[in-house]
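>>> Model the structure of this input:
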Amino acid sequence: MERDIVLVFHNQGLRSYIEVDLCPQCPRLNDKGCCGYYSPVFYPTDLPYIILNRPGLVDHIFSLPHLTILDASVTVNSLVDDDGYRCQFHSRQTGCLLPMMLRESVCRHFVCPGIGWWEEESLSHWKLFFDQLAEYEIAVNNRISGELKRRGLTLRVPELRPTFYRELMPLFKKETEAKPGFFSLCPAREKVVLRRRLSFGKDWCL
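Numbers count the residues shown, from 1 in each chain. Model (predicted):
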């Protein structure tokens with residue numbers, strides 16, 4: 001079976017993302033798709049945006065069960081359901097409970113290999129953009145994490161978290177004030193349609 005798949009690329013700097021219209025009808029046919037195979041990780045580049053736009057979400061994240069908390073990141077580990085695992089932010093009825101801009105980077109960038117948009121020559125500018133964005137985000141996270149650790153701050157200690165957030169905000173602003181050149185590689189929004197052959201169940205690769 002072949003189908004036209006609509007992708008919308010959004011250049012929002014560090015909060016860039018890709019929309020895929022196939023997701024609500026995921027060919028995996030298990031009502032969770034990739035959300036059964038990944039546990040979101042929130043880093044120093046995610047927390048400032050969340051604090052500014054939905055501050056209560058940070059406390060909610062740390063109230064969830066089965067977390068892996070490191071010095072400067074928190075992983076919301078998937079829970080066991082009746083068919084393997086499921087992300088704690090995934091709903092059978094509505095999909096992800098978080099708006100796109102509040103999701104961490106993998107959840108904003110991931111497109112299943114069956115679509116393989118990065119193989120299209122006409123989309124090479126977006127491939128370069130997202131490759132460079134991943135490197136940039138890692139570098140910013142490492143610099144901020146290193147400075148917070150130098151100041152003796154860690155997310156592992158609940159009592160230190162308010163100070164961690166307070167110190168994080170100006171560090172994030174300083175690190176991201178100068179926009180990298182590749183941010184201008186792509187338009188703010190681009191919609192494309194790709195025709196792909198679908199396979200179903202576990203034959204659809206994630």
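>>> do you know how far the closest residue in space to Pro65 that isn't next to it in sequence is from Cys87?
In space, and not counting its chain neighbours, Pro65 is closest to Leu79: 7.4 Å by CB to CB, 6 or more residues apart in numbering. Backbone N, C-alpha and C define where each C-beta goes, glycine included. Computed as CB to CB, to the nearest Å, the Leu79 to Cys87 distance reads 8 Å.
>>> Pick out whichever of those two has more residues nearby.
More neighbours surround Cys87 than the other of Leu79 and Cys87, with 22 against 14 (other CB atoms under 10 Å).
>>> Verify the stated contact: the more buried one with Ser78.
Yes - at 5.3 Å, Cys87 and Ser78 qualify as touching, with contact defined as CB atoms under 8 Å.
>>> joint contacts of the two?
36, 38-39 (CB atoms under 8 Å, 6 or more residues apart in numbering).
>>> Val192 and Ile115, how far apart?
11 Å.
>>> How many neighbouring residues does Cys34 have?
17.
>>> Just the pLDDT for it.
pLDDT for Cys34: 94.
>>> show me what contacts it?
Contact analysis of Cys34 by CB under 8 Å, 6+ apart lists 26, 110, 112, 206.
>>> Between the residues you listed, which sits nearest Arg156?
For these, the residue nearest Arg156 by CB to CB is Phe110; the value is 27.8 Å.
>>> and for Val192 and Ile115, which residues touch both?
Leu7.
>>> Same drill for those two, tell me which one is more crowded.
Higher neighbour count among Val192 and Ile115: Ile115, with 17 against 14, using other CB under 10 Å.
>>> isn't that one right up against Ile5?
Yes - between Ile115 and Ile5 there is a contact under CB under 8 Å: 5.9 Å.
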